[in-house]
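Asker: sequence unknown, structure follows:
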Ligand code: HEC
Ligand code: HEC
Ligand code: HEC
Ligand code: HEC
Ligand code: HEC
Ligand code: HEC
Ligand code: HEC
């Protein structure tokens, strides 16, 4: 009898220990339930609401530009946010009150400016650089950080150690999203967007280059203390010389590979070892030992010829 009691307690304890860890991880995102109130409509192509006048449910299509992907949202840097941290709580009402349309919206600096926790990102310098870039000229009034940083999916790539391929794809999609989309472009400019393929027809293997380097390598001014340069220069100041990248002192070390250079100062053997793992850039990636061996072989051959010639002269004499 006593033994079976002990066994019972043991089993209960075992069950508890087994399940506790699972229940603890089940509720990672406390904001999920509250946000579901908004995702119910903004996360679907078709949403339903109750129409008081005709007293029944009505189905409608959601405007695709007002859709927010919940998967992307919970993967982003601001995944613990409630929608109503940035938007008015009055959005819980439907139909949404008309005057919410005029509501001013936070900027990154409103939350991140002067905050010690985010000092290493250097938000103030980023803002300065952004304000001197081509996107904030007098002609374009509504360009904000949000135009490049989707408020509902912003995430870190370089700093989170994503692969070079992912870093390049993410950053270039930011630029493509406008520079290959006349509608989005028109929101900001009276001009017609230029064709990227035509503007870059001087660059061979365009597709390969756009997969292997970011637009900002050539278009942004390098800034010593920023991990990601933010000053987009006028097009006539962009990098056009091949040797800026295809050389030993390649520009890529202070741009795309900057974080890798900071991580690993010296790796003997390869010149620009940080690049060679990812990519073979003609002129920029070489092997120290291979270079040395080829020089030695060249030297031995040369010495052989000289000695051989010398011996022949002596023997002839
Ligand atoms: C019943 C469906 C429904 C729910 C629930 C809903 N919305 Fe909306 N929302 C819409 C529709 C439809 C529009 C576009 C028409 C309009 O503005 O009313 C919209 C527009 C918006 C806009 C853009 C307004 C503008 O004109 O710029 C924002 C921002 C927004 N909703 C936020 C929210 C937030 C935050 C929540 C949750 C607290 C929420 N919505 C809940 C259906 C919904
Ligand atoms: C970190 C702040 C932030 C959070 C959190 C946030 N939003 Fe937004 N949202 C914005 C900003 C900023 C804009 C305006 C973007 C622009 O002007 O380019 C916006 C725009 C919108 C729009 C209108 C789209 C448009 O182009 O005007 C909708 C709809 C919307 N948000 C819904 C949501 C929903 C639903 C959630 C929660 C899942 C949410 N937002 C969470 C900052 C946020
Ligand atoms: C409404 C306030 C608010 C706004 C607006 C806002 N942020 Fe944040 N941001 C936060 C908070 C709070 C956190 C910390 C979130 C956490 O710890 O989960 C954060 C986190 C971050 C992080 C750190 C993420 C990480 O993984 O360490 C970065 C980077 C960031 N935000 C960039 C931005 C950028 C860029 C913008 C504008 C495009 C912006 N934020 C707008 C409040 C804001
Ligand atoms: C023209 C497009 C563009 C604009 C405008 C822009 N950014 Fe960025 N930003 C980028 C790209 C591309 C990245 C690289 C993303 C990555 O790899 O993490 C980035 C990265 C960042 C990062 C992460 C840097 C790090 O050290 O990890 C922060 C923080 C940031 N931006 C803040 C801002 C703020 C604040 C503004 C407005 C003052 C702004 N950005 C405007 C394109 C832009
Ligand atoms: C939200 C839309 C949008 C995004 C995102 C965007 N741009 Fe632009 N860009 C524009 C507009 C609008 C202009 C101004 C065109 C004009 O002169 O009317 C412009 C101008 C430029 C110019 C200047 C061209 C000249 O005439 O000198 C360059 C270079 C440029 N963008 C590069 C980039 C790069 C690189 C990125 C990504 C990091 C980027 N843009 C992201 C909309 C965008
Ligand atoms: C290898 C360097 C390099 C890369 C990578 C690059 N560009 Fe360029 N881009 C240039 C140069 C140089 C010019 C100026 C061409 C000229 O004037 O003949 C230019 C021109 C432009 C223009 C034309 C502005 C105008 O006059 O209308 C835009 C916009 C632009 N680039 C955007 C981008 C975008 C977006 C990407 C990424 C997909 C990108 N560039 C990638 C070097 C580059
Ligand atoms: C912003 C840096 C940058 C600039 C500027 C640049 N390149 Fe490249 N180039 C690269 C990278 C990175 C690769 C891809 C290497 C790989 O395959 O991984 C590449 C690849 C190439 C290739 C293909 C090699 C192969 O393996 O097929 C050729 C050819 C080339 N570049 C020529 C040029 C020429 C010519 C110019 C000047 C008009 C130029 N590049 C300017 C960075 C650059």
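Answerer: Structure's in. What do you need? The structure displayed is predicted, hence computed values, not measured ones. Ligands and ions are numbered 1, 2, ... in the order given.

Asker: who's in contact with residue 91?
Answerer: Residues near residue 91 by CB atoms under 8 Å, 6 or more residues apart in numbering: 38, 83-84, 100. Just so you know, the C-beta spots here come from the backbone N, C-alpha and C atoms, and that holds for glycine as well.

Asker: Closest to residue 279 out of the residues you listed?
Answerer: residue 83 (40.2 Å; CB to CB).

Asker: Which residue is the nearest non-sequential neighbour of that closest one?
Answerer: Counting by CB to CB, 6 or more residues apart in numbering, residue 83 lies nearest to residue 38, which is 4.6 Å off, once chain neighbours are set aside.

Asker: Now name the helix or strand holding the one you found.
Answerer: For residue 38, the element it lies in under DSSP states H and E is helix 32-42.

Asker: Just the buried residues from the contacts of residue 91, in ChimeraX please.
Answerer: The following ChimeraX line selects those of the contacts of residue 91 that are buried, judged by 16 or more other CB atoms under 10 Å:
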select :38,83,84
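
Asker: Which of the contacts of residue 91 fall in helices?
Answerer: Assigned to helices by DSSP state H, the following of the contacts of residue 91 qualify: 38, 83-84.

Asker: thinking again about what came up before, ok, so what distance separates the residue nearest to residue 83 from residue 48?
Answerer: Separation of residue 38 from residue 48 (CB to CB, to the nearest Å) stands at 14 Å.

Asker: again, but for residue 196
Answerer: 41 Å.

Asker: the more surrounded of those two?
Answerer: Remark: of residue 196 and residue 48, residue 196 carries more neighbours, 15 against 11, as counted by other CB atoms under 10 Å.

Asker: Grab the nearest non-local neighbour of the more buried one.
Answerer: residue 179 (5.8 Å).

Asker: and if you look at residue 31?
Answerer: Closest to residue 31 by CB to CB, 6+ apart is residue 82, at 4.9 Å.

Asker: wait, what's in contact with the one you found?
Answerer: 31, 34-35.

Asker: Please list only the buried members of those.
Answerer: Buried, going by 16+ other CB under 10 Å: 31, 35, out of these.

Asker: out of the contacts of residue 82, who's nearest ligand 4?
Answerer: Nearest to ligand 4 among those is residue 31, at 21.9 Å by CB to the nearest ligand atom.

Asker: Am I right that the closest one is in contact with residue 81?
Answerer: Yes - between residue 31 and residue 81 there is a contact under CB atoms under 8 Å: 6.4 Å.

Asker: Secondary structure element holding the closest residue to residue 56 other than its chain neighbours?
Answerer: What sits nearest to residue 56 in space, not counting adjacent residues and going by CB to CB, 6+ apart, is residue 50, at 7.4 Å. According to DSSP H and E, residue 50 maps onto strand 46-51.

Asker: and that strand, is it in reach of ligand 1?
Answerer: Yes - with CB under 6 Å from any ligand atom as the criterion, ligand 1 is reached by strand 46-51 at 47, 49.

Asker: Report the inter-axis angle for the following helix or strand past that strand versus strand 46-51.
Answerer: For strand 46-51, the following helix or strand on the C-terminal side (DSSP H and E) is strand 56-61. Using axes from the mean of the first three to the mean of the last three CA atoms, to 10 degrees, the inter-axis angle of strand 56-61 relative to strand 46-51 is 150 degrees.

Asker: Report whether strand 56-61 contacts ligand 1.
Answerer: No - judged by CB under 6 Å from any ligand atom, strand 56-61 and ligand 1 are separated, with a smallest distance of 6.6 Å.

Asker: Other residues contacting the following helix or strand past that strand?
Answerer: Tracing the chain past strand 56-61, the next element assigned as helix or strand by DSSP H and E is helix 70-75. The contact list for helix 70-75 (CB under 8 Å, 6+ apart) reads 29, 32, 35, 39, 43, 79, 150, 152-153, 155.

Asker: Ligand 7: which of those is nearest?
Answerer: Of the contacts of helix 70-75, the one sitting nearest to ligand 7 (CB to the nearest ligand atom) turns out to be residue 155, at 23.7 Å.

Asker: which bits of the chain sit near ligand 5?
Answerer: So the chain meets ligand 5 at 134-135, 139-140, 147-148, 174-175, 177-179, 184-185, 188-189, 191, 215-216, 219, 232, 234-235 (CB under 6 Å from any ligand atom).

Asker: ok, now with 8 Å
Answerer: 134-135, 137, 139-140, 143, 147-148, 171-172, 174-175, 177-179, 184-185, 187-191, 193-194, 214-216, 219-220, 232-236, 238 (CB under 8 Å from any ligand atom).

Asker: Next step: the residues you listed restricted to helices.
Answerer: Using DSSP H, these in helices are 171-172, 174-175, 177-179, 184-185, 215-216, 219.

Asker: From those residues, keep the buried residues only.
Answerer: 171-172, 174-175, 178-179, 185, 215-216, 219.
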